[in-house]
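below: sequence and its predicted model.
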Amino acid sequence: VLYQFASLEPCYTNSSEYHCFEMLNNIMNALGMPPAGVSAPTGRIHVGPEVQEKPALKKVYVPEPEVFEDAPMMTALLAYLNLGLLVVFGYIRDFLRFFGYECYRGAKEWGNEGFPPLYHDFETFYHRNVYHRGSALTSTPLAGVPGAEIEIIEREFADTSFSSFKLTDKKKKYLNTGSYNYLGFAENDGFCSRETIKEIRRTGCGIASPCNELGTVELHQELETLVAEFIGKDAAIVFGMGFATNALNLPVLVNEGCLLISDSLNHSCIILGARLSGAKIAVFKHNDIKDLERVLQQNIFKGQDRVRTPWRKILICVEGLYSMEGTMCNLPAIVALKKKYKAYLFVDEAHSIGSVGETGRGVTEHFGVNPADIDILMGTFSKSFGACGGYIASTKEIVAHIRTESHASSYASPMSPPVTRQIIASMTCIMRTEDGKRRIQRLAENTRYFRSELRKRGYIIYGDSNSPVVPLVLFTLANICIFAKECLNRGLATVIVAFPATSMLGARARFCLSASHTKEHLDRTLQILEELDPIVGMKMSRNRPTSAFMDFWKHFFTRSSIDTRAVED
């Protein structure tokens, strides 16, 4: 009975059912059986006196309850005080600029009386007085492939505003935890690189014609056939830019008289495409299924604005893996709602394709959802495949409609042949070779190990336990600036994110794990975080070990000077 239950897709609607489900998991773990929601392993199961063969099943996970731990009260107060001081000093600097005591490098407007302003006052104020002060820690120029290690070119800034700089001849090597190189295909050698070099010699680097004229060649058709096979859809179409795949194709799918329902944390390319479409846009709380159903019911009941007629089409847009939070969409519940209310479903798998699922086929495989239940599957090649561009996979009719009506097909340049060959080579490696399977398995192991270590040590991290995107929440602007600076001093390159890309208290460092990382790389990263905790104070989780608070002050008063030179070649 337990094995039969384990092969089913569980569904719970409240915390009581969830705790019962967890209790069943504990019982099955004690018996040495797979957890509920994960298919039983292949083997012979004794049923009475006979022996019954059980077919091979893939691992299927259930959506995890999301936990976004809030900032401690003192941290929140310090964050607002920090921002307040920056704003006060910013106005003082603007006052000095007005009288010429400091050079003004921000955007200026003149001669537009009677017209709406081109620049929002606070955005430009924030950019020149807050963002520029951290420019020395962001937008660093790279030299080479963003693999497990990366070379960064040092810069010399002209003044303290960090608004202009010049490159130097100095390069330093860092441990790279900030690139979307999930499966490690960003490399200078290997099968994919050799195939790409051959393609450059065979066809060159570009095609000087739009896709709908002379730009589509046999190589593109080969890739589209391979993508459709990999995703599990009838047909697919590829584009040269991932951002444009959403921004230019959503207006082809919906228009005036349609309703587009978007997750509140969807990427800006989905937001831009929704605005360009002319459809009515409704937003639901991030991954909140109850709020999604409320939005569906409310808008179906009201109908179109003014005329109150039924919507011509309802399209739900979500992401498989959200790159800023590390969370996964609750796909089984969203598919159930989509079927219940006769809506269409658009899933952006830019970050989940290749990095999630037993064979890298994204959230559909991860949650055991049939790809046929999702009307449109979109993804990009710039994360797991070491290339660029995007795809849309759907039915033959929808793909044919996009091919003839999309501006991305009619006016944009097609995908470069060597980029196309890189994608074909990497996707073939994932589908048909042991090396591809090892990469997926290594990424999953790195993800579980790194996330479990961070949680065990008391850091606040967001996201699903199987997500290779690991946001480490630091809350304040001051924290992320000193964190990024000290990480670079210790030879660790990562990404920092703050307002307006996040909420005011959502400043964070974002680690992107890769199959190219070894356990030694991850242990080195954890060691650096431990060294920085007495300086930054990052262990703010309520579930941190009881000794973490005392260790912080012990290290704070007894710390010695640490060599902070970057790692040399």
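Thanks, I have the structure now.

if I look at the nearest residue to Leu118 once chain neighbours are set aside, how far off is Ser410?
In this structure, Leu118 finds its nearest non-sequential neighbour in Glu109, 5.9 Å apart by CB to CB, 6 or more residues apart in numbering. From N, CA and C alone the C-beta is placed, and that goes for glycine too. Applying CB to CB, to the nearest Å, the value for Glu109 to Ser410 is 35 Å.

the more surrounded of these two?
It is Ser410, of Glu109 and Ser410, that has more neighbours when counted by other CB atoms under 10 Å, with 14 against 11.

do I have it right that the more buried one meets Gly215?
No: using CB atoms under 8 Å, Ser410 is not in contact with Gly215; the gap is 10.2 Å.

can you list contacts of the longest strand seen in the chain?
The single longest strand within the chain, with elements called by DSSP state E, is strand 165-176. Residues from elsewhere that reach strand 165-176 (CB atoms under 8 Å, 6 or more residues apart in numbering): 141, 143, 146-158, 488, 491-493, 521, 524-525, 566-569.

those residues, buried ones only, as a ChimeraX selection?
Applying 16 or more other CB atoms under 10 Å to the contacts of strand 165-176 leaves a buried subset, and the ChimeraX line that selects it is:
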select :146,147,148,149,150,151,152,155,488,491,492,493,521,524,525,566
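
residues touching the closest residue to Thr404 other than its chain neighbours, list them.
Take Thr404 and drop its neighbours on the chain: the residue closest to it by CB to CB, 6+ apart is Asn212, 7.4 Å away. Contact partners of Asn212, counting by CB under 8 Å, 6+ apart, are Arg403, Thr404, Ser409, Ser410.

residues near the second one, how many?
Think Thr404. Neighbours around Thr404, by other CB under 10 Å: 11.

so for the helix or strand where it lies, mean pLDDT?
Per DSSP states H and E, Thr404 falls inside helix 396-405. Average pLDDT, helix 396-405: 95.

in it, what's buried?
Buried positions in helix 396-405, judged by neighbour count with 16+ other CB under 10 Å: Ile398, Val399, Ile402, Arg403.

in JSON lines: those, plus distance to Ala71.
Formatted as JSON lines, the buried residues of helix 396-405 follow (distance: CB to CB, whole Å):
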{"residue": "Ile398", "distance to Ala71": "44"}
{"residue": "Val399", "distance to Ala71": "46"}
{"residue": "Ile402", "distance to Ala71": "43"}
{"residue": "Arg403", "distance to Ala71": "48"}
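
of those residues, which is the nearest to Leu81?
Taking CB to CB as the measure, Ile402 is the one of the buried residues of helix 396-405 closest to Leu81, at 50.4 Å.

my guess is the closest one meets Ile392, correct?
Yes: judged on CB under 8 Å, Ile402 makes contact with Ile392 at a distance of 6.1 Å.

which residues are common contacts for the two?
By CB under 8 Å, 6+ apart, the residues touching both Ile402 and Ile392 are Ile237, Asn249.

list the contacts of Ala247.
Cys269, Leu272, Gly273, Leu276.

show me what counts as buried in the helix or strand hosting the second one.
With elements delineated by DSSP H and E, Leu272 resides in helix 268-277, which encompasses its position. Buried residues in helix 268-277, defined by neighbour count with 16+ other CB under 10 Å: Cys269, Ile270, Ile271, Leu272, Gly273, Ala274, Ser277.

if we can go back for a sec, and the residue nearest to Leu118, that one's in a strand?
No: using DSSP: H, G, I helix; E, B strand; the rest coil, the assignment for Glu109 is coil, not a strand.

now the host helix or strand of Leu292: buried residues?
Using DSSP H and E, Leu292 sits within helix 289-302. Buried residues in helix 289-302, counted by 16+ other CB under 10 Å: Ile289, Leu292, Glu293, Val295, Leu296, Asn299.
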